[in-house]
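> Provide a 3D model corresponding to the input given below.
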Amino acid sequence: MVDEIVDINGKEELMHVASMYFESLDHMLDVIDMDQSTFYAHLNGRADMMDLDHAVNLTKVVHLSEPRFQFDDAEDYIDVPEEDGWGSGRIKLDSDFREFLFGRRMFDPLNEELIESLTGFDRASFSNYRNEDRWIPEQGYKTLFEYFKREFNNNPTINFDIYERTGKQPIYDNLDIEQFTEYCINKEVDGVNRNEPLLPGNPTEQRLALEEACLAREKFDTLLGDYLDKWEQEGTAFDVRNEIVYSVIGDRILEPTSAEEREKIEELVPYGIVRPTSKDTYWVKI
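Next up is the predicted model:
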């Protein structure tokens, strides 16, 4: 997939939700196999297209991974409930969960204003709750828990357009996250691992044309069989084959412009690849 790149509509949201699954930026970069400068270039809008492998890794995290902690019920992680707490309305949390919940420092999804508006915790208190086993206001904790619960249950509304690295038109466009997962990630069908990804919905006209040309190339090589290696030895063979392969998405007419081209095309007639239609033109049969 090194020759394909992706335009992601909603890329920042995808990166944000993916970040919720990690406890450090270094861990996230290691998992998605992206260097820090590339990460911030995408996050800050300095990079448009993303390598397909990076997009796949981000989508795996969001669409297929399970978070370290399940955000089902806020009561699950309370070690000392409010009725046993010091002071009205305060609790103590499971230590590992407390460090995870208050340790979010990826690209700072929880900024000061958001923390204060969500929970009433100021920045210093938030930091203290991460680093020390303190009594925590129960209501603020539960509000923060619900925020994380929504984030982890968020399946981002994003779309993917896939391009060949040198192409100007997408080969697949407007794929949702399910279709993108099907195309790039799910490679096992009936228990058999595939070397190539499954084809998604929404193929563009260009993609369909490329697929038709690929089939023509396979037919060409199959029909020539053992003669293929000898036929390819002449310098004009490459151009002639390209003309034949891509003619199937056009008018299927070949008009050789030199004696060398005509000679190479004539060699293909007995193999059922082309047939002459007049002195100067040939019809592509594959």
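> what helix or strand does residue 143 sit in?
Under DSSP states H and E, the secondary-structure element containing residue 143 is helix 138-152.
> now for that helix, which elements pack on it?
Contact analysis of helix 138-152 by 3 or more Cβ pairs under 8 Å, 6 or more residues apart in numbering; DSSP states H and E lists strand 90-93, helix 95-101, helix 112-119 as its packing neighbours. C-beta: built from backbone N, CA, C; applies to glycine.
> Quick check: next helix or strand after that helix?
Past helix 138-152, further along toward the C-terminus, the next helix or strand under DSSP H and E is strand 159-164.
> hmm, who's touching that next one?
Taking Cβ atoms under 8 Å, 6 or more residues apart in numbering as the criterion, the residues outside strand 159-164 that touch it are 3-10, 49, 52, 55, 169-177, 179-180, 183.
> picking up where we left off before, could you give the angle of the helix holding residue 143 to helix 112-119?
An angle of 110 degrees separates the directions of helix 138-152 and helix 112-119 when computed by axes from the mean of the first three to the mean of the last three Cα atoms, to 10 degrees.
> Skipping its backbone neighbours, what lies nearest residue 71 in space?
Setting aside the residues directly before and after it, residue 71 is nearest to residue 149 in space (Cβ to Cβ, 6 or more residues apart in numbering), at 3.9 Å.
> Could you measure from that neighbour over to residue 130?
19 Å (Cβ to Cβ, to the nearest Å).
> do residue 140 as well
14 Å.
> Restricted to helices, list the contacts of strand 159-164.
Under the assignment DSSP state H, the contacts of strand 159-164 contribute 52, 55, 177, 179, 180, 183 to helices.
> Ranking by neighbours, what's the top pick from those residues?
When neighbours are counted as other Cβ atoms under 10 Å, the busiest of the ones in helices among the contacts of strand 159-164 turns out to be residue 55, with 26 neighbours.
> Correct me if wrong: it contacts residue 8.
Yes: with the criterion set as Cβ atoms under 8 Å, residue 55 and residue 8 qualify as a contacting pair; they are 6.2 Å apart.
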